[in-house]
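**Student:** Mind folding the following:
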Amino acid sequence: MAKQNKMPSGADIRKRNSNRRYYTYRKASRKSFPVPVKEAEKVKISFLGGMNEIGKNMTLYEYKDDMFIVDCGLAFPTPDLLGVDLVIPDFTHILNNADKIRGIIITHGHEDHIGGLAYLLKKINIPVYATRLTIGLIKGKLDEHGLLGSVKLVEINPRDNITLGSFNIELIHVNHSIPDSVGLAIRCPAGVIIQTGDFKIDTTPVDGDMIDLPRFAEFGKRGVLALLSDSTNAERPGTTMSESAVGESFELLFRKAKKKRIIVATFASNIHRVQQIIDVAVSRGRKVAVVGRSLENLVSVGKELGYLNIPEGILLPIENIKNYPDENLLLITTGSQGEPMSALTKMAMNEHRMVHITPNDYVIISATPIPGNEKMVSNVVNALMKQGVDVIYENMYDVHVSGHACQQDLKLMIGMVKPKYFIPVHGEQKHLVKHAQLAESMNIPIDNIFIGEIGNCIELSEDGIKKLGDVPSGEVYVDGYGVGDVGNIVLGDRKILSRDGIIIVVAAIDAESGYVVSGPDIVSRGFVFVKENEELMQKSRELAGSVIEASYDSRYRDWNSVKTRMRDELSRYLFERTKRRPMILPIFLEV
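**Tutor:** So this is what the prediction gives:
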């Protein structure tokens with residue numbers, strides 16, 4: 001018979017309940033379990049050129065193990081860089097991270113953005129991305145350096161997207177003084193960064209292709225982490241004139257020239273300007289000759305790629321201009337900045353092989369001097385005027401408009417993009433500071449504005465701008481075939497030579513006895529005119545001889561020490577007599 005369960009009595013229930021433990025449960029508050037805050041993604045930007053200077057533009061972007069470069073330009077040497085041909089960026093930081101570099105994007109074909117590219121590609125082979133005309137100009141440079149067949153060149157168009165590691169970059173069409181110029185919208189996990197490149201806002205461009213303002217505005221609506229914007233014209237109020245206005249000025253000036261030969265100097269890369277000059281020449285029945293290698297190259301590439309429309313029979317080889325009367329000729333030349341070796345300067349100094357200036361010439365300088373070049377331009381203008389030439393220059397007529405945005409256009413760009421952080425680039429310190437002030441007037445907090453210098457490296461994120469340690473940077477001098485072999489010591493020597501000349505002391509020394517066999521003789525170059533200073537030269541010889549004689553009694557002759565004493569003694573004597581400090585170079589020949 002199955003066992004029946006006995007119902008518990010009240011006493012049993014009370015006993016069981018007395019042994020039971022009760023727990024009170026309550027809903028945990030949010031403060032009890034802190035939610036981890038996700039750290040904002042960070043992107044690094046290093047400025048290797050284009051800050052506190054005009055030219056040599058180069059910027060490096062980095063996210064984790066991926067890097068890419070924007071532009072690789074050059075700068076032209078200042079007058080104190082004696083003998084230097086070009087100045088390019090220091091590539092040390094790039095070469096130290098060669099395995100991380102995914103490519104380089106070029107915004108347009110000006111020298112200050114492509115001029116250093118061949119020197120970089122000799123050291124590191126990375127793909128190059130650029131628009132059609134820019135690729136055409138780059139090919140010419142790579143061909144000169146024997147690199148054309150070994151570098152990957154990728155042609156891209158506005159609104160195209162390029163993926164380089166963790167970065168996705170979209171090209172945005174902008175107006176500038178050369179076609180096919182672009183700005184960049186750089187997407188990465190940290191956010192969107194807009195780099196304008198060199199730009200202006202031209203509502204009536206010569207080629208009819210206006211800046212893509214709607215695309216900049218679209219990015220502004222979505223949210224932009226930072227804007228890096230061209231600062232070249234940040235000091236100039238108002239808006240930049242349209243390039244098309246120059247064509248009207250040329251029409252007026254060509255009529256004023258009447259039967260004179262017309263010579264127009266302009267930037268070699270300003271293809272829109274060249275087209276307008278040629279258009280007016282055709283309408284006035286003039287043949288056109290191009291003078292200057294860089295300009296000849298631009299016209300060749302422009303014609304080949306369809307950016308220049310030149311009717312058949314208009315262009316003349318420069319050697320054929322002697323076969324045409326002045327009234328039927330127009331010469332387009334380089335040298336608008338007064339460069340010493342340029343075609344216009346050689347013409348002004350009567351040193352050009354094919355073009356000889358006469359009072360029947362009418363010269364138009366269609367450019368504004370770059371800061372620092374004013375004196376050189378003035379020298380060329382003066383030399384031309386001394387020969388009776390009519391010269392039109394600077395603001396006498398509207399023969400030049402800038403390719404860079406002025407203040408109102410810069411403010412419009414800031415207003416459209418609406419960046420959280422603002423970084424002025426491409427300009428001297430005064431340009432960067434003025435541009436920063438414009439941004440502040442557009443309600444960007446001053447703590448969100450960064451004014452950088454070459455070598456600065458910053459870290460950008462939604463949390464802020466952080467300045468990191470500087471990266472290797474600076475200037476590398478190109479002198480002939482030498483790259484980087486001219487430094488401060490060599491330049492210092494050149495300055496001494498240019499200022500006070502050189503004294504060379506030559507003596508033949510008996511290798512065994514240490515006695516003077518011949519000399520010492522003194523050769524002077526750039527110091528004094530020897531024939532008028534024979535006494536000074538004779539005293540210098542005697543002093544040099546006495547320094548050598550003082551070493552006869554020395555058991556251990558250290559000729560380097562003797563040379564040092566000779567330099568010191570001669571330098572002191574010559575300064576007392578002339579207040580000049582020539583370089584003194586002792587040469588001892590042991591026989």
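**Student:** quick one, strands of the stretch 101-250 of the chain?
**Tutor:** Secondary structure of the stretch 101-250 of the chain by DSSP state E, counting those that start in this stretch: the strands cover 101-105, 128-130, 153-155, 161-164, 167-173, 182-188, 191-195, 224-230.
**Student:** As JSON lines, those strands with distance to P325, mean pLDDT and mean neighbour count would be great.
**Tutor:** Any C-beta I mention is one placed from the backbone N, CA and C, and that applies to glycine too. What follows is the strands of the stretch 101-250 of the chain, written out as JSON lines (distance: least, C-beta to C-beta, whole Å; pLDDT from 0 to 100; neighbours: other C-beta atoms under 10 Å):
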{"stretch": "strand 101-105", "distance to P325": "49", "mean pLDDT": "97", "mean neighbour count": "22"}
{"stretch": "strand 128-130", "distance to P325": "43", "mean pLDDT": "97", "mean neighbour count": "24"}
{"stretch": "strand 153-155", "distance to P325": "44", "mean pLDDT": "97", "mean neighbour count": "15"}
{"stretch": "strand 161-164", "distance to P325": "53", "mean pLDDT": "96", "mean neighbour count": "16"}
{"stretch": "strand 167-173", "distance to P325": "43", "mean pLDDT": "97", "mean neighbour count": "22"}
{"stretch": "strand 182-188", "distance to P325": "44", "mean pLDDT": "97", "mean neighbour count": "24"}
{"stretch": "strand 191-195", "distance to P325": "50", "mean pLDDT": "97", "mean neighbour count": "23"}
{"stretch": "strand 224-230", "distance to P325": "44", "mean pLDDT": "97", "mean neighbour count": "25"}
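**Student:** Reformat these as JSON lines; add distance to V355.
**Tutor:** Shown next, in JSON lines, are those (distance: least, C-beta to C-beta, whole Å):
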{"stretch": "strand 101-105", "distance to V355": "38"}
{"stretch": "strand 128-130", "distance to V355": "34"}
{"stretch": "strand 153-155", "distance to V355": "35"}
{"stretch": "strand 161-164", "distance to V355": "44"}
{"stretch": "strand 167-173", "distance to V355": "38"}
{"stretch": "strand 182-188", "distance to V355": "37"}
{"stretch": "strand 191-195", "distance to V355": "41"}
{"stretch": "strand 224-230", "distance to V355": "35"}
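**Student:** So which of those is nearest V288?
**Tutor:** Smallest distance to V288 across those (C-beta to C-beta): 28.3 Å, for strand 128-130.
**Student:** residues in contact with the one helix or strand V363 maps to?
**Tutor:** Using DSSP states H and E, V363 sits within strand 361-366. For strand 361-366, the external contacting residues (C-beta atoms under 8 Å, 6 or more residues apart in numbering) are 246, 250, 253, 256-257, 260-266, 273, 277, 326, 336, 344, 377, 380-381, 384, 389-394, 399-400.
**Student:** Equivalent analysis for stretch 441-459, please.
**Tutor:** In contact with stretch 441-459 (C-beta under 8 Å, 6+ apart) are residues 42-53, 411, 414-415, 419-425, 429, 432-433, 436, 439-440, 464-474.
**Student:** Now that we have those, which of them are buried?
**Tutor:** Buried subset of these (neighbour count, 16 or more other C-beta atoms under 10 Å): 42-53, 411, 414, 419-425, 432, 436, 439, 465, 471, 473.
**Student:** which ones among the residues you listed are found in strands?
**Tutor:** 43-49, 419-425, 465 (DSSP state E).
**Student:** So of the residues you listed, which two are at opposite extremes in space?
**Tutor:** G49 and K420 (25.1 Å).
**Student:** And the longest helix along the chain, what does it pack against?
**Tutor:** Longest helix in the chain, counting residues (DSSP state H): helix 559-578. Counting contacts by 3 or more C-beta pairs under 8 Å, 6 or more residues apart in numbering; DSSP states H and E, helix 559-578 packs against strand 502-509, helix 534-549, strand 583-590.
**Student:** can you tell me which of those comes nearest to R572?
**Tutor:** The nearest among those, by C-beta to C-beta, is helix 534-549 at 9.5 Å.
**Student:** Put the alpha carbons of that closest one into CSV.
**Tutor:** Extracted in CSV, the C-alpha atoms of helix 534-549 (Å, rounded to 0.1, in the frame of the first residue of the first chain):
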residue,chain,number,x,y,z
GLU,A,534,101.6,95.4,-53.5
GLU,A,535,102.8,96.6,-50.1
LEU,A,536,99.9,94.8,-48.4
MET,A,537,100.7,91.6,-50.3
GLN,A,538,104.4,91.7,-49.6
LYS,A,539,103.8,92.2,-45.8
SER,A,540,101.3,89.3,-45.9
ARG,A,541,104.0,87.1,-47.6
GLU,A,542,106.5,88.0,-44.9
LEU,A,543,104.0,87.2,-42.2
ALA,A,544,103.2,83.9,-43.7
GLY,A,545,106.9,83.0,-44.0
SER,A,546,107.6,83.9,-40.4
VAL,A,547,104.8,81.6,-39.2
ILE,A,548,106.4,78.7,-41.1
GLU,A,549,109.9,79.6,-39.8
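**Student:** contact partners of it?
**Tutor:** For helix 534-549, contacts defined as C-beta under 8 Å, 6+ apart pick out 503, 505, 507, 509, 516, 520-522, 524, 528, 530, 562, 565-566, 569-570, 573-574, 577-578, 586.
**Student:** Over that helix, what's the mean pLDDT, rounded is fine.
**Tutor:** Average pLDDT, helix 534-549: 85.
**Student:** residues of it that come out buried?
**Tutor:** 536-537, 540-541, 543-545, 547-548.
**Student:** I'd like to know which of those is nearest to E304.
**Tutor:** Out of these, the member with the shortest distance to E304 (by C-beta to C-beta) is M537, at 61.3 Å.
**Student:** Which residues are in contact with S150?
**Tutor:** By C-beta under 8 Å, 6+ apart, the neighbours of S150 are N125.
**Student:** quick one, phi psi at it?
**Tutor:** When read as degrees, to the nearest 10, the backbone of S150 gives phi -110, psi 0.
**Student:** hmm, back to that, in ChimeraX, select just the buried ones from the contacts of helix 534-549.
**Tutor:** Selection of buried members from those for ChimeraX, criterion 16+ other C-beta under 10 Å:
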select :503,505,507,509,516,520,522,524,528,562,566,569,570,574,586
